[in-house]
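> Fold the following for me, if possible:
(2 chains)
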Amino acid sequence: MQTGTITSAWEENQFVLAAAGRWDIASAERLGPQLRNRGPDRKGVPVCLDLSGLTALDTAGALLLDRLIRRLREQGHVVAVVGARADLCALLKDVQRAAAGVASRHQVTVEKGPAFPLADQIGRATIGIWHEMLSMLNFLGLVTVTALRLLREPQRIRLKPLFFHLEQVGLNSLPIVGLLSFLIGIVLAYQGADQLRRFGAEIYVVNLLGIGVLREIGILMTSIIVAGRSGSAFTAQIGTMKVNQEVDAMRTLGLDPVEMLVLPRMLALIIALPLVGFFANVVALAGGAVMAYAYLDINFVQFARQLQVAVSTTTLFVGLVKAPIFAAVIALVGCYQGLRVSGSAESVGLLTTRSVVVSIFLVIVLDAAFSVLFSYIGI
Amino acid sequence: MAAPVISVRGLKTRFGAQVVHDGVDLDVQKGEVIGLVGGSGTGKSVLLREIVGLMDPSAGTIQVLGQDTARLSERERLSLQARWGMLFQDGALFSSLTVLENIKVPLKEHTALPPDLVDEIAQVKVAMVGLAPDAGSKYPSQLSGGMRKRAGLARALALDPEILFLDEPTAGLDPIGAAAFDELIGSLQKSLGLTVFMVTHDLDSLYAICDRIAVLVDKKLVIGTIDELLRQDHPWIRDYFHGPRGRAANAAKGS
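Prediction:
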């Protein structure tokens, strides 16, 4: 296969450029630099572009020829194209027409950037957060209204998806929540024991564990794991359904996506999270008890007796009362972000990430708010 | 006659106990436009996927541009792939890239051209497939179905391939858009000297641009020009070309 070449010569009063061989994408790489300064050294000379030796031409080759012709014309030469085979000439014409449109477009696409890019970005981000907050509030309202409507007609609550999601977010999360809580219990007991031993107050490690786990750590850890595990799953499931237009299909069939998709998930999580949280509490205390026995020689009977002294049922309920609220927030954020997915696979990934980040953020903020509230009312 | 561009011999495809193709033979000549038709579930798309190497047949050989696709090294396969382009049903554009970036992907992957030339080639392709100039900077989700197909075609044509594979190119387009797309493929085929292999259900496309038609019936291919197929007395082929839609397309062609 003969690759493309370009040669130049003077012939009487005109400058002859002869292109020969295959002018295709494989030769374009080599031909490009050769064409850069090709042309007569005097102004206003007629140039003859001889294409009679051309055996093949593709878009890339035609574009190179077109660039050459355009440059020579801009430099003030009269260019005549001769000798091209009819089919190659037709392609060259097509490309020239297409490229002419491209060239004229370059002028219009120049856009002026903002004067202070950083300020511009901060401003846009702030307004973006504000709009997102508003539209999430809007979504909360929509879900509440739908839930109240459903409360009047409880027979419309869809039990099958409800139990499916209960299994998914509740039962199936027990192993990972259990394992992590057990480890947290061990770590807390170990660290606490190290400090308390200096005062000879090892037994108070049980108080530390009991209050720490039951009031705060148990539910907080559970919520964070569930947000990462189930909140993201909600976003991905609903988002993929949106990409496949399943959500639109539901609407055209007269089914309410909030009722079909959001409420079963939310209800399932509100029921499951307190239960999983209670389980996490028990397992974390068990982890602490094992550590206390191994490290501090506090046996299980002592541990239980001290725990009875240290915590009351109030302590337990102060922790557990937060669970349904956290559950509602996680489900709300997960479903909301899922319904915001539009069009592409990329947006599913982006919004799934955001769903996890936002729900964990909100859970921690709410936990802090609860702490303040409880200390205010003196529990 | 010159060696065929695509040559399929004794191809068999089985999914478990279900036999889809049983001895398919096909030769496509250079510069030809061939349309593949068949009922739902007869394995049209499967045959296309086997030819472009997305699936392996159970038996038989497939030669594309003189090379046996089953016996290629990774390198040979890559360089062969640069010589064909494929348009998927809904364009299959990369959703995280703009149209221009989509077209540049094969150019950057298979050539070492300077960036400004790559840029210009991509823009010329956008113009050649009849997209508005500002479509190049848009993302696929911002385009209509017809525009996505055109953008997909521009990407398939980025490397100036010798063969163009089309999967239902006019499905989902309105009749005017479909006719314009047929015309576009026809004119690009002529100016670029392409060989086109398309799976289609659109009788108008078959009449408008196909030189020959391959019909998948009874797990085998029946190949011929439209006139030859009109004379066939296989029931499915007769129903297909002599049914109300077939007659309408034939009348449209005649007028």
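
> contacting residues around the residue of the stretch 151-255 of chain B at minimum distance from chain A?
At 3.6 Å from chain A, residue B:160 is the closest residue in the stretch 151-255 of chain B, using C-beta to the nearest C-beta. (Glycine included, C-beta is placed from N, CA and C.) Neighbour list for residue B:160: A:24, A:25, A:58, A:59, A:60, B:192 [criterion: C-beta atoms under 8 Å, 6 or more residues apart in numbering or on different chains].

> In helices, which of the residues you listed appear?
Counting by DSSP state H, the part of these found in helices is A:25, A:59, A:60, B:192.

> before we move on, back to that, quick one: secondary structure of the residue of the stretch 151-255 of chain B closest to chain A?
coil (DSSP: H, G, I helix; E, B strand; the rest coil).

> Nearest residue to it in space, ignoring adjacent ones along the chain?
residue A:58 (3.6 Å; C-beta to C-beta, 6 or more residues apart in numbering or on different chains).

> swap in residue A:81?
Nearest to residue A:81 is residue A:49, by C-beta to C-beta, 6+ apart, at 4.8 Å.

> Pretty sure the one you found sits in a strand.
Yes: assessed by three-state DSSP, residue A:49 belongs to a strand.

> Hmm, residue A:73 and it touching each other?
No: counting by C-beta atoms under 8 Å, residue A:49 stays clear of residue A:73, with 11.1 Å between them.

> ok, these two, which is more surrounded?
The residue with more neighbours, out of residue A:49 and residue A:73, is residue A:49; 20 against 12, by other C-beta atoms under 10 Å in any protein chain shown.

> Now do the contacts for that one.
So residue A:49 contacts A:17, A:19, A:65, A:68, A:69, A:79, A:80, A:81, A:82 (C-beta under 8 Å, 6+ apart).

> Ok, residue A:38 next?
Applying C-beta under 8 Å, 6+ apart, the residues near residue A:38 are A:6, A:8, A:17, A:68.

> hmm, try it at 10 Å
A:6, A:7, A:8, A:15, A:17, A:47, A:68, A:71, A:72 (C-beta atoms under 10 Å, 6 or more residues apart in numbering or on different chains).

> Any stretches of chain A with poor pLDDT?
A:1, A:103-111 (pLDDT under 70).

> Which residue ranges make up each domain of it?
Using automatic domain parsing, the domains assigned to chain A come out as A:5-104, A:131-377.

> Quick one: closest of these to residue B:31.
domain A:5-104 (10.6 Å; C-beta to C-beta).

> Now do that closest one: distance to the chain's middle.
Put simply, domain A:5-104 sits 48 Å off its chain's centre (C-alpha atoms, centre = their mean, to the nearest Å).

> Same check on stretch A:350-362?
Taking mean C-alpha positions (C-alpha atoms, centre = their mean), stretch A:350-362 and its chain are 9 Å apart.

> for stretch B:90-98, same thing?
18 Å.

> Tell me which residues touch residue 53, please.
As the question left the chain open, I've gone with chain A. Going by C-beta under 10 Å, 6+ apart, the list of residues near residue A:53 reads A:2, A:4, A:5, A:7, A:18, A:19, A:20, A:21, A:83.

> wrong chain, I was asking about chain B
B:62, B:64, B:69, B:70, B:72, B:77, B:80, B:81, B:84.

> Now the buried members of those.
With neighbours counted by 16 or more other C-beta atoms under 10 Å in any protein chain shown, those contain buried members at B:62, B:64, B:69, B:72, B:80, B:81, B:84.

> And the residue lying closest to the last one once chain neighbours are set aside, how far from residue B:150?
If I follow you right, that is residue B:84. Of all residues not flanking residue B:84 in the chain, residue B:163 sits nearest, at 4.2 Å (C-beta to C-beta, 6+ apart). Separation of residue B:163 from residue B:150 (C-beta to C-beta, to the nearest Å): 19 Å.

> Also residue A:180?
52 Å.

> These two: who's more crowded?
For residue A:180 versus residue B:150, the count of surrounding residues by other C-beta under 10 Å is larger for residue B:150: 27 against 18.

> Check the secondary structure at the residue nearest the centre of chain B for me.
The residue lying closest to the centre of chain B (C-alpha atoms, centre = their mean) is residue B:166, at 2.0 Å. Secondary structure for residue B:166, judged by three-state DSSP, is strand.

> Ignoring the adjacent residues along the chain, who's closest to it?
That would be residue B:198: by C-beta to C-beta, 6+ apart, it lies 3.8 Å from residue B:166.

> that's a strand at the one you found, yeah?
Yes: with three-state DSSP as the criterion, residue B:198 is part of a strand.
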